[in-house]
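Colleague: Need coordinates for the following:
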Amino acid sequence: MADSRYKRVSRARPCLICGKPDWCSRTSDDSISFCARVTAGADRLSRKEQWGVFYHHESIKPKPYKNYSENHHVQSKPAKKISPAPLEIRDFVYSSLFRLSPASDYLVLTRGSKGLLERGFENTQDYGGLPGSVAKRQDLAANIRLLLNQNFPLFIRQNPLGLRHVPGFWIDDNGETNLWQKKDYPHPFLLIPYRSPTGLIQACQIRLTGNLAADKKRYLWLSLPQKNSAGSGTPLHYANWKNFGQANFTNLPVLVTEGALKADVVSKLRPDFFAVANSGVNCSLELIVNISRGKSLYLAFDGDWKENSVVLRQIAKLLLFRNISDDSQLFCKNTKILSWNFQFKGIDDALLKGSEIYAYSITEWINTLSVDNRLIVNRIFG
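Modeller: Numbers count the residues shown, from 1 in each chain. Modelled structure (predicted):
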């Protein structure tokens, strides 16, 4: 049954209709809103104050001729999987987060080891900073929740889970809005946007700062589906979004690498490529094939493919998908695997250090492999 107790709205839990933190009321489970400011589109008006009464679940809306002395507030079962908000909403939330907490606020993210300036990025406003403090992250989340409620009231009314549709944000049992884990960290984290072709932020990754144990990942999605929040998925990042649509940009060869920061370095230092990034060598393979159909494709995954059979298999699968979906002769002619001095793990480090980049044809690439690795590739190729 729905919790029908009434509570006043607050800054932490503003009105879902007008977005304001005062005057209005709600039920404890946010199934009904009583808005003191908005009556347009209300399901009914309250008898005494004539406030707008908004039911957020069809199952609890009053039915004609019903005996309303009975408790009719039936709570719908929570969805097992929360869908991400539309791209426009996600971009608004993440852009607000970057504006309120830019990477430039944290010296360790801009001037520290492997920081943005060391990577050649002067426009640090394109990236965000995630505070190490739970309290600061909660303040950010509360501000952004209020901004979302005020600017997209129709979305909030139609989606009572509200900010939980944006990966990385969640609501605890006390109704407080949270951003990332409820844990203090000694360092802030870099927030890396995964942008659409037109520059809208689809999702964000976190780059952990400081020394990490060998079994810990440096990059994580800003996503907590286990907290009853939306997952981020594995979108492609389009590094050249600022030039997207320009006439001299359309026919550039596509370069694929792993990780948005690497692709952003490629975009800056090698503007003769249309650089995109997946979040892992096994992610978004079919999408990569689709966007590169009929174009030259250059694969620039980390330089451990000679030793790492997992990476090798995924590269071979991508090549197989591209061969099936495109003309075989064009596939062989227009597909290259990039290599560099393997003291540099990624193409970003290689470019920043001036390492020579080699472009292998598929045949040349296979000939560089050991006998065992050739067998792996040939099995996948069939």
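Colleague: Please enumerate the helices of the protein.
Modeller: Remark: helices assigned in the chain by DSSP state H are 87-100, 107-110, 134-151, 153-158, 260-269, 285-291, 309-325, 328-334, 347-352, 362-367, 371-381.
Colleague: for the stretch 101-250 of the chain, what are the low-confidence residue spans?
Modeller: Nowhere does the stretch 101-250 of the chain drop to pLDDT under 70.
Colleague: dump the residue contacts of the spatially most central residue of the chain.
Modeller: Nearest to the mean C-alpha position of the chain, by Cα atoms, centre = their mean, lies Ala203 at 1.3 Å. By Cβ atoms under 8 Å, 6 or more residues apart in numbering, the contact set of Ala203 is 84, 90, 167, 193-194, 221-223, 232-233, 235. Every residue, glycine included, has its C-beta placed from N, CA and C.
Colleague: quick revisit: so which of the helices of the chain is nearest Ala213?
Modeller: helix 107-110 (19.2 Å; Cβ to Cβ).
Colleague: I'd like to know which of the contacts of Ala203 are part of strands.
Modeller: Applying DSSP state E to those, the entries found in strands are 193-194, 221.
Colleague: Based on its surroundings, how many neighbours for Pro225?
Modeller: 16 (other Cβ atoms under 10 Å).
Colleague: now Lys317
Modeller: With other Cβ under 10 Å as criterion, Lys317 counts 16.
Colleague: any idea how far it is from Val134?
Modeller: 41 Å (Cβ to Cβ, to the nearest Å).
Colleague: okay but Ser296 is in contact with Lys336, surely?
Modeller: Yes: Ser296 is within contact range of Lys336, at 7.3 Å (criterion: Cβ atoms under 8 Å).
Colleague: still on that earlier bit, any idea which of the helices of the chain is most buried?
Modeller: Greatest average neighbour count among the helices of the chain goes to helix 260-269 (a mean of 24), per mean count of other Cβ atoms under 10 Å.
Colleague: Need the CA coordinates for stretch 146-161. PDB is fine.
Modeller: What follows is stretch 146-161, C-alpha atoms only, in PDB (Å, rounded to 0.1, in the frame of the first residue of the first chain):
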ATOM      1  CA  LEU A 146      15.800  21.600  -8.000                       C
ATOM      2  CA  LEU A 147      17.100  22.800 -11.400                       C
ATOM      3  CA  LEU A 148      15.600  19.700 -13.100                       C
ATOM      4  CA  ASN A 149      12.300  20.100 -11.300                       C
ATOM      5  CA  GLN A 150      12.100  23.800 -12.300                       C
ATOM      6  CA  ASN A 151      13.100  23.400 -15.900                       C
ATOM      7  CA  PHE A 152      11.500  20.100 -16.800                       C
ATOM      8  CA  PRO A 153       8.300  19.900 -14.700                       C
ATOM      9  CA  LEU A 154       6.400  17.800 -17.300                       C
ATOM     10  CA  PHE A 155       9.200  15.200 -17.300                       C
ATOM     11  CA  ILE A 156       9.100  15.100 -13.500                       C
ATOM     12  CA  ARG A 157       5.300  14.800 -13.400                       C
ATOM     13  CA  GLN A 158       5.400  11.900 -15.900                       C
ATOM     14  CA  ASN A 159       8.400  10.300 -14.300                       C
ATOM     15  CA  PRO A 160       8.000  10.300 -10.500                       C
ATOM     16  CA  LEU A 161      11.400   8.700 -10.100                       C
END
